[in-house]
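*Asks:* Attaching a predicted model along with its sequence, questions to come.
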Amino acid sequence: MELYRGKSVFGGIAIGRLHIYSRKNLQVKRERVEDAEAEVARFHAAKEKAIEQLAELYEKSLTAVGEANAAIFEIHQMMLQDDDYIESTENIIRTQQVNAEYAVAATSDNFANMFAAMDDDYMKGRAADVRDISERVLLILSGQEADCVVTDEPVIIVADDLAPSETVQMDKSKVLSFVTVHGSTNSHTAILARTMGIPALIGTPVPLDASLDGRLAVVDGDTGQFYVEPDEQTLAKMQQKYDEMQTKKELLQTLKGKESVTLDGRKIMLYANIGNYKDLSLVLENDAEGIGLFRSEFLYLESSTYPTEEEQLKIYRAVAETMAGKRVIIRTLDIGADKQADYFELPKEENPAMGCRAIRICLTRPEIFKTQLRALFRASAFGKIAIMYPMITSLAEIARIKQIVEEVKAELTEAGVPFGTPEQGIMIETPAAVMISDKLAKEVDFFSIGTNDLTQYTLAIDRQNDQLDEFYDSHHQAVLRMIEMTVQNAHKENIWCGICGELGADASLSKLFLAMGVDELSMSPGSLLFIRKIVRETNVGEEGEAVKAQFL
Ligand code: PEP
Ligand code: MG
């Protein structure tokens, strides 16, 4: 078995044979020509044919991947009609008295290098598009057709890189997954893979050896792992993961679009937990009614330095816009404990879980906090964003947060920067917060219970210590009673209360949470439809008291 690690652009499991995709290698020779005008005419004819092909591709992809993704082929048509591109090619043919192929290849290199040197990530990505359109013209000039994957059974495509046109031209029913050695997450190929909903990895250092062709492999789009000729145990594990995925998909068909409401009419909001923009496809696929926890610290962990206000704004805005009016709860950074980023230069601690983490960092280093708050307030002008503060233990912390928020709002107002009015809530994940939840409820818009940390701090058991797994009991009566108390105190002040820790997806407790009156459950997207099923099969009036007596 060989194991490679890539960067995932879409999750899921694919098991199948490999197909090494290699682009037709166009050897472009520089040849002197007598009749430059004839070459210019050849170039124009090839360009026109390429535009026709792109128009056909556009139509084909409209149904396959939707208008937004098909748009790239319109852009490609426009790029081929671009005056600069055409003039540069004509100019090379005329001044150097060379063949059209050479002029197109030279123009392609010049333009691609120019785009690649730009600062803007989007413009950088256009380098691949210039090469893509030029290659199409070159194929036509050489009398060849674009390479397509022709196989009987569906395969895992392995390639150095894939151009958007290559990706979309592949017969979707024959492609299980894409694995590429190069490529960027901004590329249209990555966007197309996400839209097609198939596991895809980029930046996977796999040797593009023809001997790989036809070998059995597994792509785990969730972890970024790529197994070639997996051993029996790995294959069995991956097959099980795949089967679970299929079961969930079947459920999805029946429960998608249905309300999360009990038999006796109690509604509950079923939201998704995410750590990244890339998780959004799963959120939509699993019909989440909102995002209950966006762990924003992952943006910090993926970066080698503090993400800027603009970088954060771009992501928060994109999430809010994609969720199209549904609530998106973004938690301010919860760095510290097990989530360490070197550039924060946090001092080494004896008990990191009880140390400088989350809101404690934000309140002691307000410049970091303010950057994030500015991005969040600005993004909230583009959708229904709510801000959530982690690891709260006191009213004094809330007062300091409010003061900093007021400073941020004043700064934005003074600078004339628009911002929205997000709801602001807190995580209830320390016993202290539970015990003063009656008072905290008067100060915030909502509560979300973090049962992972609440269990850790209530039972005094390090959640990271696997030696103590048997003692880490999140069903402990103390934890469940704290949840009940928090919900009751929230409701007394007419605010809503959810659960975003792992218990939110614990099917054995769903009926209890309904009986307690929990308003929202937030979980990894893949669990949502199972929980919706339980909700729809529950009668709180009939079952509530018995289930409470069982657990509390
Ligand atoms: C929790 O503690 O339950 C929670 C949701 O936060 P995290 O797991 O990120 O600490
Ligand atoms: Mg927590």
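*Replies:* Good, I have the coordinates. Residues are numbered from 1 along each chain as shown. Ligands and ions are numbered 1, 2, ... in the order given.

*Asks:* Could you tell me how far the residue most central in space within the chain is located from ligand 1?
*Replies:* The centroid of the chain falls nearest to residue 278 when counting by C-alpha atoms, centre = their mean (1.0 Å). In this view, residue 278 and ligand 1 are 18 Å apart by C-beta to the nearest ligand atom, to the nearest Å. C-beta: built from backbone N, CA, C; applies to glycine.

*Asks:* for residue 311, same thing?
*Replies:* Distance from residue 311 to ligand 1, by C-beta to the nearest ligand atom: 21 Å.

*Asks:* give the contact list for that residue.
*Replies:* Applying C-beta atoms under 8 Å, 6 or more residues apart in numbering, we find residue 311 in contact with residue 299.

*Asks:* now the residue in the stretch 301-450 of the chain that ligand 2 sits nearest to, nearest residue through space, not along the chain?
*Replies:* Here the residue of the stretch 301-450 of the chain nearest ligand 2 is residue 450; by C-beta to the ion that distance is 3.9 Å. Once flanking residues are discounted, residue 450 sits nearest to residue 429: 3.2 Å by C-beta to C-beta, 6 or more residues apart in numbering.

*Asks:* do the same with residue 515
*Replies:* Going by C-beta to C-beta, 6+ apart, residue 515 has residue 544 as its nearest residue, at 3.6 Å.

*Asks:* Let me see the mean pLDDT of the one helix or strand that neighbour maps to.
*Replies:* Assessed by DSSP states H and E, residue 544 sits inside helix 540-551. In this model, helix 540-551 has a mean pLDDT of 97.

*Asks:* and if you look at stretch 253-264?
*Replies:* So the average pLDDT for stretch 253-264 ends up being 94.

*Asks:* Let's see stretch 129-147 as PDB, backbone CA atoms only.
*Replies:* Extracted as PDB, the C-alpha positions of stretch 129-147 are listed here (Å, rounded to 0.1, in the frame of the first residue of the first chain):
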ATOM      1  CA  ASP A 129      -7.200  29.900 -18.400                       C
ATOM      2  CA  VAL A 130      -4.800  31.600 -20.900                       C
ATOM      3  CA  ARG A 131      -2.900  28.300 -21.300                       C
ATOM      4  CA  ASP A 132      -6.200  26.400 -21.600                       C
ATOM      5  CA  ILE A 133      -7.600  28.600 -24.500                       C
ATOM      6  CA  SER A 134      -4.200  28.600 -26.200                       C
ATOM      7  CA  GLU A 135      -4.000  24.800 -26.000                       C
ATOM      8  CA  ARG A 136      -7.400  24.500 -27.600                       C
ATOM      9  CA  VAL A 137      -6.300  26.700 -30.500                       C
ATOM     10  CA  LEU A 138      -3.000  24.700 -30.800                       C
ATOM     11  CA  LEU A 139      -4.900  21.400 -30.900                       C
ATOM     12  CA  ILE A 140      -7.100  22.700 -33.700                       C
ATOM     13  CA  LEU A 141      -4.100  24.000 -35.600                       C
ATOM     14  CA  SER A 142      -2.400  20.600 -35.300                       C
ATOM     15  CA  GLY A 143      -5.600  18.800 -36.400                       C
ATOM     16  CA  GLN A 144      -6.100  17.000 -33.100                       C
ATOM     17  CA  GLU A 145      -9.100  16.800 -30.900                       C
ATOM     18  CA  ALA A 146      -9.100  17.400 -27.100                       C
ATOM     19  CA  ASP A 147      -8.200  14.300 -25.100                       C
END
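
*Asks:* for ligand 1, what are the nearby residues on this structure?
*Replies:* 293, 295, 334, 429, 450, 451, 452, 453, 500, 501 (C-beta under 6 Å from any ligand atom).

*Asks:* ok, of those residues, which come out buried?
*Replies:* For those, a burial check counting by 16 or more other C-beta atoms under 10 Å picks out 293, 295, 334, 429, 450, 451, 452, 453, 500, 501.
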